[in-house]
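Trainee: Sequence plus predicted model, see below.
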Number of protein chains: 2
Amino acid sequence: MAAGRQHDLEEVIRVFEMRPIGRVRSPFKETREIPKGCGSRHEAEGVLEVLPELERGLTDIDGFSHLFVIWVFDRSQGSELLGTPPNDDRPHGVFATRSPRRPNPIGLTVVELLRRDGSRLHVRGLDMLDETPILDIKPYLSSVPPEKLRRGWLEEAEARNRARGS
Amino acid sequence: MAAGRQHDLEEVIRVFEMRPIGRVRSPFKETREIPKGCGSRHEAEGVLEVLPELERGLTDIDGFSHLFVIWVFDRSQGSELLGTPPNDDRPHGVFATRSPRRPNPIGLTVVELLRRDGSRLHVRGLDMLDETPILDIKPYLSSVPPEKLRRGWLEEAEARNRARGS
């Protein structure tokens, strides 16, 4: 049974080709400029430049205050299953972190939509490099209530960092 | 200037190949079984089956109550820039909806992690078809406060539907 299941699982693994719908214009030219780690705030403003031929797909997006941006870590090399994030001294599994070195180099960022100018979305909250390719944009519809949220190793690392006074 | 900018933008458009890290086991065998539209609740339980060789990447994921799952609408055909979602009678831009018919057929779902069993994550809140390919899993770290959220056409459609008593 187990072998059968694994065989099935391997079978569905095929390649999907994704083509960017646009790119990010951000103030960050190099990775080290991007605020990272537990307490970092992402207030950087910039533009999501969508391809002009896709502009109709942005119809009515103006009414949403926040958007999900799905993008590619196009300057990240390789992947590692275990890695030590900034502001922690312990390794964690890649799927429990936002590490760029992932099996599929996909990034996800929530941004605040400030205004739309045709196919250009002016946003706040960027944490991507300038010229990052964008794969998709979706409306942010609802939140998990904070009282229902547990944040695993991150809460523990924050507590350790507070205890150290850092 | 404008022409120059557009030229640059076209230049960055290249293809990225994504390879699933696993698949969803869900109770939904057909699209029409999935609850859709404004008031729909996603309480369906199932399993995220990650490839056994990637299990180390799940280390410490158990501490998180909620996860982002990034996946492929692998049974969706084509894309349309404007479409009319369920529970509304007006068309909206694809990037302002969760339509499966997107330029890149990428889906995004927030699930509640119930428990981990090796490389299998038992979760609640699925809205994908059974055997949906998974591209990435990320921890859910923070929420936009509800008082800061505006939900555009969706709020308007909900109000119209309430007025109709539907």
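Mentor: Yep, it's here. Numbers count the residues shown, from 1 in each chain, chains lettered A, B, ... in the order given.

Trainee: Tell me the secondary structure at the closest residue to residue A:160 other than its chain neighbours.
Mentor: Leaving aside its sequence neighbours, residue A:160 sits nearest to residue A:88 (CB to CB, 6 or more residues apart in numbering or on different chains; 8.0 Å). The way it works is simple: take the backbone N, C-alpha and C, and place the C-beta from them, glycine included. Put simply, residue A:88 is coil when judged by DSSP: H, G, I helix; E, B strand; the rest coil.

Trainee: I'd assumed residue A:158 was in contact with residue A:88.
Mentor: No: between residue A:88 and residue A:158 there is no contact, the gap being 9.2 Å when judged by CB atoms under 8 Å.

Trainee: tally of neighbours for the residue nearest to residue A:119 when sequence neighbours are not counted?
Mentor: Counting by CB to CB, 6+ apart, residue A:119 lies nearest to residue A:55, which is 4.0 Å off, once chain neighbours are set aside. Residue A:55 has 16 neighbours, counted by other CB atoms under 10 Å in any protein chain shown.

Trainee: Pretty sure residue A:55 sits in a strand.
Mentor: No: with three-state DSSP as the criterion, residue A:55 is located in helix rather than a strand.

Trainee: was I right about it contacting residue A:118?
Mentor: Yes: the pair residue A:55 / residue A:118 is scored as a contact, 6.1 Å apart, by CB under 8 Å.

Trainee: hang on, the earlier thing: what score does the residue nearest to residue A:160 have for pLDDT?
Mentor: Looking at residue A:88, its pLDDT stands at 87.

Trainee: Residue A:69 too?
Mentor: At residue A:69, the model reports a pLDDT of 98.

Trainee: hey, what's it bridged with?
Mentor: Residues in a beta bridge with residue A:69, per DSSP bridges, are residue A:109, residue A:137.

Trainee: List the residues that contact it.
Mentor: Counting by CB atoms under 8 Å, 6 or more residues apart in numbering or on different chains, residue A:69 touches A:24, A:48, A:107-111, A:123, A:128, A:134, A:136-137.

Trainee: 10 Å instead, please
Mentor: By CB atoms under 10 Å, 6 or more residues apart in numbering or on different chains, the contact list for residue A:69 reads A:22, A:24, A:48, A:107-111, A:121, A:123, A:125-128, A:132, A:134-138.

Trainee: now do residue A:67
Mentor: A:48, A:61, A:109-113, A:121, A:123, A:125, A:137-140, B:95-96.

Trainee: Also residue A:121?
Mentor: By CB under 10 Å, 6+ apart, the contact set of residue A:121 is A:22, A:24, A:46-50, A:58, A:61-62, A:67, A:69, A:111, A:113-115, A:134, A:137, B:95.

Trainee: mind running it again at 8 Å?
Mentor: A:47-48, A:50, A:58, A:61, A:67, A:113, A:115, A:137.

Trainee: got a pLDDT number for the spatially most central residue of chain A?
Mentor: Geometric centre of chain A, nearest residue: residue A:108, 2.1 Å, by CA atoms, centre = their mean. You'll see residue A:108 listed with a pLDDT of 98.

Trainee: shouldn't it be in contact with residue A:70?
Mentor: Yes: with contact defined as CB under 8 Å, residue A:108 reaches residue A:70; the gap is 5.8 Å.

Trainee: what about the longest helix along chain A, average pLDDT?
Mentor: When chain A is parsed with DSSP state H, its longest helix is helix A:152-163. Taken as a whole, helix A:152-163 has a mean pLDDT of 89.

Trainee: If we go by neighbour counts, what in it is buried?
Mentor: Judged by neighbour count (16 or more other CB atoms under 10 Å in any protein chain shown), helix A:152-163 contains these buried residues: A:152-154, A:157-158, A:161.

Trainee: Just the C-alpha atoms of that helix, please, in PDB.
Mentor: What follows is helix A:152-163, C-alpha atoms only, in PDB (Å, rounded to 0.1, in the frame of the first residue of the first chain):
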ATOM      1  CA  GLY A 152       6.300  28.200  16.200                       C
ATOM      2  CA  TRP A 153      10.000  28.700  16.200                       C
ATOM      3  CA  LEU A 154       9.600  32.400  15.300                       C
ATOM      4  CA  GLU A 155       7.900  33.100  18.700                       C
ATOM      5  CA  GLU A 156      10.600  31.200  20.500                       C
ATOM      6  CA  ALA A 157      13.400  33.100  18.600                       C
ATOM      7  CA  GLU A 158      11.700  36.400  19.300                       C
ATOM      8  CA  ALA A 159      11.500  35.500  23.100                       C
ATOM      9  CA  ARG A 160      15.200  34.600  23.100                       C
ATOM     10  CA  ASN A 161      16.200  37.800  21.300                       C
ATOM     11  CA  ARG A 162      14.100  39.900  23.700                       C
ATOM     12  CA  ALA A 163      15.800  38.100  26.700                       C
END
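
Trainee: what is in contact with residue A:108 and residue A:70 at once?
Mentor: In contact with both residue A:108 and residue A:70: B:70, B:108, using CB under 8 Å, 6+ apart.

Trainee: what about the strands in chain A?
Mentor: Applying DSSP state E to chain A gives strands spanning A:16-18, A:22-25, A:45-50, A:66-72, A:82-83, A:92-93, A:106-117, A:120-124, A:133-139.
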